[in-house]
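*Asks:* Let me see the structure of the following:
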Amino acid sequence: MPCLTFAAPAAAQAKSEPTSARPADAAIVVTGQRDPLKLDDSAQASSRLGLSVRETPASVEILTQADLQARGLRTARETFNDVVGAVAGNVPGNPAVVSLRGFAGNTVSILQDGVRISTSTVVQRDTNTWHYDRIEVLKGPASVLYGEGALAGVINKVTRKPVIGERRLDTFLSGGSFDTVSAAGGVNLPVSRTIAVRADASYLRSNSLYDVDNNRTTSSGLTASALWRPSDALSVLVAVDHFEDRYDATYQGLPLIPGQYALRPSDAVRSSTGLVADRALRRRNYNPSGAYSNAIETTVRSRIDWAIGNGWTAALDLTGYTADRAFLLADSQTFVAPRPAFPIGSFRQSYQDFRHDHRFWNARGVLGNDRRIAGLRNRFSIGIEHNDTDFESLRQQAPTSALPEIDVRNPVATPRPTSAAIFTTTNVTFDSKLRQSSIFAEDALNLTPGWLLVGGIRWDHIALDRATIQNATGSVDRNRPTFDPVSWRAGTTWDVAPGLTLYAQYTTAVSPVSSILLASIANSRFRLTKGRSYEAGFKASVWNGRLSLTGAGYHIAQSDILTRDPTNPAVSVQGGRQSSRGVELTAAIVPVKALRLSGGASYTDARYDDLSELVGGVRIDRSGNRPINIPSTTLNASALYTIGGTVTLGGFARHAGAFYTDTGNTIRVAGHTVYDASIAFPVAGKATVTIRGRNLSDAFYGEYSGYPTTNVYIGAPRSFEIALATRF
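*Replies:* Numbering: from 1, shown residues only. The predicted structure is shown next:
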């Protein structure tokens, strides 16, 4: 939930300097900016050597708090959806799930201040963005930095930190369509010349961010931290983050129905079997009364940075995390043709009750050195990391007979089941204990001032103790696999001309066949899949830094995914392959001080190279098909123009191409384009009023697919909001 006022970001911030370090009297209007793509900033997600974006031989995108504010990105899902080449959805079990570079789900790692807690499909929630100083996105495999799972990329959420010597207060209040209300505030206080504290709180409430019936949504956050910097050589940070969210009668997406029964059939979805998205069902929610999805999570962490001397540095990160999550919902709807009892048609629904009890702690120490070797600058780091995860998940599922049949046109919210006796499809408890120890190293050697070689290697020892307990009988199935993957990367950057850098990189990665904490006993017995990537591109800033461009071409391949045994289709085996190749281009230009134009485009050719599935007892070849939730093209663009140094007009466009909801590519969701606009103007000196319109063309479009392939999330209709923000 960003404050909808914004200031120009600093030209080139140091990695340790948060966006909030600007003077308290900074102008609350958009002004010109050098290096608009922040190529000379450092990104914590991309290296532990303090490399700038320009020096990193990979695609790195940074969204500062000012960018989030300017674009009106209130939540994690909205933010991830604005990343070049990415799309995001709000599937109940994994809100703000991301597809990136042709891969989805647990192949994108989400970090909290540089620490990976678990796969994104387990831990990520649609949190308020007020709390983040910046969002960093490293695209492409990153297992060499963060271990298993980071095949498509990494998203690092960097929280706001205290600033020594600064006294500052920010507040925010907004209201808008769908009875949506947001409030937030943040304060930075100096305690002494060497100590500062910061605290931020946020709250969002809406009848439904999707404008769906019976879908009240609330989310809140509290982040607080204290920084002690007794000298330039030493800093100690202690922080706590607490987030809560709840979605009543969780929205499962719009169920598709046969076209002959639709009152207002649309072109948003088409299928080979005649299923369509009916506009007349746009606001319907078929979940029982009392169904919900919620999470309560708390992170406590500390970081010590010490400049030892003679180019040596040391850093120690300690993190503790706890979360309780619950998902109670009708997870599928099966259409039944009209008959006397339901003359317009009905849905039969299955029901699930899933719970997570998640505990995690992590310790990481890194020793670094920056010095000259034989006259050449060399940056080096070596570190160790260990984490423990205790994860218990109750997973109960009931067949379609457990819930009353429900009218398609006029669903009546029936009470959710309360008896455990209905859970005859699945009634198990997963009890997982995961222990991971790692050793990693990186090196960056300047062969010349403009030619840099970068390399890294990581070894992980992963020990999983996984038990599946049948709650009805008490029987236990257990597996204790261990994995010892090695990941590495090698790359180079070359400043071929002033402001122009070329780069290339080869990277490897590993990933389990499904989320390691939620894998079935059968899946936990498979070895890790392997990934590799080639990437090359350029990064340029010209016209005295007013124009920045980046471009990348890549190829990612994943092997050993699950497929069907050709000789016995009933058996799952490893040996399938999936790949993607594509290009990305981003640009930002400040032609005059009052105008900033920016945008990005991506093209991805993603496919299953070798995959077969069992359908009705028959082995079906899916090779050549496109993976689920992967559009071939994405595009975003924005224009911010300040009139008279006070009033800022904003225009924003976002496009995503068509995608499929199933591996058979039988259900196609059409591409879409969404237009937003804003006007911001100062009032009373330190305050700014912003009026924003979203989806101004009122486009009816599919955003992401749901649990079943026949459910599609429909984007929010046209909406408006007004916000008041202050800065003291």
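*Asks:* CA only for contacts and neighbour counts going forward, please
*Replies:* Fine.
*Asks:* Not counting residues beside it along the chain, what's closest to Asp431?
*Replies:* In space, and not counting its chain neighbours, Asp431 is closest to Glu392: 4.6 Å by C-alpha to C-alpha, 6 or more residues apart in numbering.
*Asks:* Against which helices or strands is the helix or strand harbouring the one you found packed?
*Replies:* If you go by DSSP states H and E, Glu392 is part of strand 376-398. Here strand 376-398 touches strand 346-373, strand 426-448, going by 3 or more C-alpha pairs under 8 Å, 6 or more residues apart in numbering; DSSP states H and E.
*Asks:* from the middle of its chain, how far away would the longest one be?
*Replies:* If you compare the mean C-alpha spot of strand 346-373 with that of the full chain, they lie 12 Å apart, counting by C-alpha atoms, centre = their mean, to the nearest Å.
*Asks:* Tell me which strands that strand pairs with, and in which orientation.
*Replies:* Strand pairing for strand 346-373, using DSSP bridges, gives strand 312-336 (antiparallel), strand 376-398 (antiparallel), strand 406-407 (antiparallel).
*Asks:* For the second one, what is the distance to the chain centroid?
*Replies:* So that's strand 376-398. 17 Å.
*Asks:* Show residues contacting stretch 426-436.
*Replies:* Residues from elsewhere that reach stretch 426-436, judged by C-alpha atoms under 8 Å, 6 or more residues apart in numbering: 386-398, 460-472, 517-518.
*Asks:* Distance check, the residue sitting furthest away from the middle of the chain against Thr414.
*Replies:* Relative to the centre of the chain, and counting by C-alpha atoms, centre = their mean, the farthest-placed residue is Pro340 at 46.1 Å. Separation of Pro340 from Thr414 (C-alpha to C-alpha, to the nearest Å) stands at 21 Å.
*Asks:* from the contacts of stretch 426-436, which would you call buried?
*Replies:* Buried residues within the contacts of stretch 426-436, counting neighbours by 16 or more other C-alpha atoms under 10 Å: 386-398, 460-469, 517-518.
*Asks:* Who does Thr563 form a beta bridge with?
*Replies:* Applying DSSP bridges, one finds that Thr563 bridges with Val573.
*Asks:* do the same with Ala398
*Replies:* Applying DSSP bridges, one finds that Ala398 bridges with Tyr351.
*Asks:* how about the helices in this structure?
*Replies:* Secondary structure of the chain by DSSP state H: the helices cover 65-71, 76-81, 120-123, 143-146, 521-524.
*Asks:* on that earlier part again, got a pLDDT number for the residue farthest from the centre of the chain?
*Replies:* Pro340 is assigned 91 on the pLDDT scale.
*Asks:* same thing with Ala26?
*Replies:* With respect to pLDDT, Ala26 has a value of 35.
*Asks:* Repeat that for Gly89.
*Replies:* In this model, Gly89 carries a pLDDT of 89.
*Asks:* if we can go back for a sec, mind putting the helices and strands packed on strand 376-398 into JSON lines with mean neighbour count?
*Replies:* Below are the helices and strands packed on strand 376-398 laid out as JSON lines (neighbours: other C-alpha atoms under 10 Å):
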{"stretch": "strand 346-373", "mean neighbour count": "19"}
{"stretch": "strand 426-448", "mean neighbour count": "20"}
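*Asks:* Just put the ones you listed in TSV and tack on mean pLDDT and distance to Arg74.
*Replies:* Shown next, in TSV, are the helices and strands packed on strand 376-398 (pLDDT from 0 to 100; distance: least, C-alpha to C-alpha, whole Å):
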stretch	mean pLDDT	distance to Arg74
strand 346-373	94	26
strand 426-448	95	34
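*Asks:* tell me the contacts of Phe700?
*Replies:* Taking C-alpha under 8 Å, 6+ apart as the test, what Phe700 contacts is 268, 279, 714-715, 717.
*Asks:* Can you tell me which of these lies closest to Val336?
*Replies:* Relative to Val336, the closest of the contacts of Phe700 is Arg279; by C-alpha to C-alpha it sits at 18.7 Å.
*Asks:* Ok, which of the strands paired with strand 346-373 comes nearest His672?
*Replies:* Nearest to His672, of these and by C-alpha to C-alpha, is strand 312-336 at 25.2 Å.
*Asks:* Which elements pack onto the lowest-mean-pLDDT helix or strand in the chain?
*Replies:* One helix or strand of the chain scores below all others by mean pLDDT, DSSP states H and E: helix 521-524, with a mean of 79. If you count contacts as 3+ C-alpha pairs under 8 Å, 6+ apart, helix 521-524 packs onto strand 451-470, strand 476-479.
*Asks:* Please put the alpha-carbon coordinates of that helix into CSV.
*Replies:* The C-alpha trace of helix 521-524 is given here as CSV (Å, rounded to 0.1, in the frame of the first residue of the first chain):
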residue,chain,number,x,y,z
ILE,A,521,6.4,-39.2,-0.2
ALA,A,522,6.6,-40.4,-3.8
ASN,A,523,7.9,-37.1,-5.1
SER,A,524,10.3,-36.7,-2.3
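*Asks:* who touches it?
*Replies:* With C-alpha under 8 Å, 6+ apart as the test, helix 521-524 has contacts from 466-468, 477-479, 481, 513-514, 516.
*Asks:* Buried residues in it, which are they?
*Replies:* 521, 523-524.
*Asks:* Low-confidence bits of the protein, can you list those?
*Replies:* For the chain, the stretches flagged by pLDDT under 70 are 1-34.
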